[in-house]
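# give the three-dimensional model of this entry:
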Amino acid sequence: MKRIVVIGIVSYLAFVLEFLLYNFWGPWGKPELLILVVIFFNLYLGVRFGLIAAFLCGLFKDSTGIAPFGTYIFIYIAGSYLTVLVRKYLYQPGSRFSRALVSFFVVIGAFLIQVILTNMNHEVRVYDLVAYVLVPQLLTTVIAATFIFSQLLNISNFFKLKS
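Model prediction:
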């Protein structure tokens, strides 16, 4: 129960921080903190707690988004499962490059799912989406991934989440 409470608090704080960073610096200053929270708990505590983090992060994002309710829950749960696949084939524990690689693939996967779900009835300009949405998300998230993962590890060690 303690793990779920900590995951909920960390997810909410990541949501608030993501909101504040976006309002202060715009898309070039906002890493995808919620997807990093999902990736971290999936790698650190396993798939079950990664799915709980994905559900909570999706719920927070859906509560303020304009997409149909459940879109971000689906995106983050798919990102959690994508983390499992990348961890199985590419992840090496303790490697900074490996963490950045996992973040890279999960952000691209979540972006593709988001584009498919939210633009089904609209014209999609791939160049604009890549240039103005994917590139800022990808760069800021991969750059921030190692720092965010180390801070989440400190939080997890503080609350002794790993038994």
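# I'd like to know how far the nearest residue to Gly8 once chain neighbours are set aside sits from Phe69.
Counting by Cβ to Cβ, 6 or more residues apart in numbering, Gly8 lies nearest to Leu56, which is 5.5 Å off, once chain neighbours are set aside. C-beta: built from backbone N, CA, C; applies to glycine. Per Cβ to Cβ, to the nearest Å, Leu56 is found 15 Å from Phe69.
# more neighbours, those two?
Leu56 (25 against 11; other Cβ atoms under 10 Å).
# which residue ranges of this structure form helices?
2-25, 33-45, 47-64, 71-89, 96-118, 126-129, 135-158 (DSSP state H).
# what's the spacing between the fifth one and its chain's center?
The offset between the C-alpha centroid of helix 96-118 and the centroid of the whole chain comes to 8 Å, using Cα atoms, centre = their mean, to the nearest Å.
# quick check: buried residues in it?
Across helix 96-118, burial judged by 16 or more other Cβ atoms under 10 Å covers 98-107, 109-111, 113-115, 117-118.
# how about the residue sitting nearest the centre point of the chain, what does it touch?
Geometric centre of the chain, nearest residue: Ile35, 0.3 Å, by Cα atoms, centre = their mean. Shown in contact with Ile35 (Cβ atoms under 8 Å, 6 or more residues apart in numbering): 57, 76, 79, 103, 106-107, 110, 141.
# okay, these in JSON lines with pLDDT and distance to Val124 next?
JSON lines is the format used below for the contacts of Ile35 (pLDDT from 0 to 100; distance: Cβ to Cβ, whole Å):
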{"residue": "Cys57", "pLDDT": "97", "distance to Val124": "25"}
{"residue": "Tyr76", "pLDDT": "94", "distance to Val124": "22"}
{"residue": "Gly79", "pLDDT": "92", "distance to Val124": "20"}
{"residue": "Ser103", "pLDDT": "91", "distance to Val124": "24"}
{"residue": "Val106", "pLDDT": "92", "distance to Val124": "21"}
{"residue": "Val107", "pLDDT": "91", "distance to Val124": "18"}
{"residue": "Ala110", "pLDDT": "88", "distance to Val124": "16"}
{"residue": "Thr141", "pLDDT": "92", "distance to Val124": "22"}
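# what is the nearest of those to Ser156?
Comparing the contacts of Ile35 against Ser156 with Cβ to Cβ places Cys57 closest, at 16.2 Å.
# name the nearest residue to the closest one, sequence neighbours excluded.
Leu34 (4.0 Å).
# tell me how far the one you found lies from Ile148.
For Leu34 relative to Ile148 (Cβ to Cβ), the value is 11 Å.
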